[in-house]
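Student: Below are the sequence and a predicted model for it; my questions follow.
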Amino acid sequence: MSSLHPKLVVPQSKALIGLFTKLRDINTSSKDFAFYARRAMRILAEEAIAELPTTHSAIQTPCSPFEGTHIDTDNLCAVSIIRSGDALLESVRECLPSVAVGKILIQRNEESKEKEAVFYYSKMPPGVENMNVLLCDPMLATGGSAKAAIDCLVEKYHVRKERIFFVNMITCPEGLKTMAEDYPEIKIISACVDDGLNEEKYIIPGLGDYGDRFFNTME
């Protein structure tokens, strides 16, 4: 996997295999898709949080001393790429209810062959330039939306690249190659790596449009 991106992390969980089978199935209803997606995203959220900086922590259990780790979640902002990213953001907030939240609105141009990303809006909490950032977007396909979001964080809000952790449910070699070329410093935590993109720039085998299936807006 390191050949696709130097900082790619793919969690190894047997639970995700069964959950993704349900998510990928065209016969899964929107209600069930959201149910299984929330279960899978909770696993991914915990794995992403575990990739944040840690320090040694010596504690006392009821029975004996224990040497563990403390994850730095105090200086953290979770940022969603609207709209699909909002679903993943909520899973992060279930794990960290008091986490600061940022929003970025980027949409890809569906009228264009290249489906390029178009930036519209962003809102971040004060001091985000000094925080670690969990950037949430379920699908990393071409990398266009991810690049636009990261450019926003780096150029507008002065977040250091090495402090950005990009979290997604599914990615593919094309998107990872784009990220490796432009942002090798950014750690990517993805639940699975699919085969590639089709002519419409959708991930295959994939699961279709994540946001439409999750929010029940399929045409």
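Tutor: Perfect, thanks for sending it. Residues are numbered from 1 along each chain as shown.
Student: list the contacts for residue 214?
Tutor: By CB atoms under 8 Å, 6 or more residues apart in numbering, the contact set of residue 214 is 30, 33, 34, 37, 84, 87. Every residue, glycine included, has its C-beta placed from N, CA and C.
Student: Look up how far residue 81 lies from it.
Tutor: Using CB to CB, to the nearest Å, one obtains 14 Å as the distance from residue 214 to residue 81.
Student: picking up where we left off before, dump the contacts of residue 214 to CSV, plus neighbour count.
Tutor: Output for the contacts of residue 214, formatted as CSV (neighbours: other CB atoms under 10 Å):
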residue, neighbour count
30, 14
33, 23
34, 17
37, 24
84, 23
87, 21
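Student: out of these, who's nearest residue 12?
Tutor: residue 37 (19.6 Å; CB to CB).
Student: can you confirm that closest one is in a helix?
Tutor: Yes: applying DSSP: H, G, I helix; E, B strand; the rest coil, one finds residue 37 inside a helix.
Student: Wait, it touches residue 87, no?
Tutor: Yes: with contact defined as CB atoms under 8 Å, residue 37 counts as touching residue 87 (6.6 Å).
Student: which residues do these two both contact?
Tutor: Counting by CB under 8 Å, 6+ apart, the contacts common to residue 37 and residue 87 are 210, 214.
Student: Not counting its own residues, what contacts stretch 104-113?
Tutor: Contacts of stretch 104-113 (CB under 8 Å, 6+ apart): 79-82, 85, 115-122, 142, 144-145, 148-149, 152-153, 201.
Student: As CSV, could you dump the C-alpha coordinates of that stretch?
Tutor: C-alpha atoms of stretch 104-113 as CSV (Å, rounded to 0.1, in the frame of the first residue of the first chain):
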residue,chain,number,x,y,z
ILE,A,104,-15.9,23.1,3.5
LEU,A,105,-18.3,23.1,0.6
ILE,A,106,-16.9,21.7,-2.6
GLN,A,107,-18.8,20.2,-5.5
ARG,A,108,-17.6,18.5,-8.6
ASN,A,109,-18.7,19.8,-12.0
GLU,A,110,-21.0,17.0,-13.2
GLU,A,111,-21.3,18.8,-16.6
SER,A,112,-17.6,18.4,-17.2
LYS,A,113,-15.8,15.3,-18.5
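Student: Looking only at that stretch, what residues are buried by neighbour count?
Tutor: Neighbour counts over stretch 104-113 (16 or more other CB atoms under 10 Å) mark 104, 105, 106, 108 as buried.
Student: Check stretch 72-82 too.
Tutor: Buried, per 16+ other CB under 10 Å, within stretch 72-82: 73, 76, 77, 78, 79, 80, 81, 82.
Student: show me the contacts for residue 101.
Tutor: Counting by CB under 8 Å, 6+ apart, residue 101 touches 77, 78, 79, 80, 89, 93, 125.
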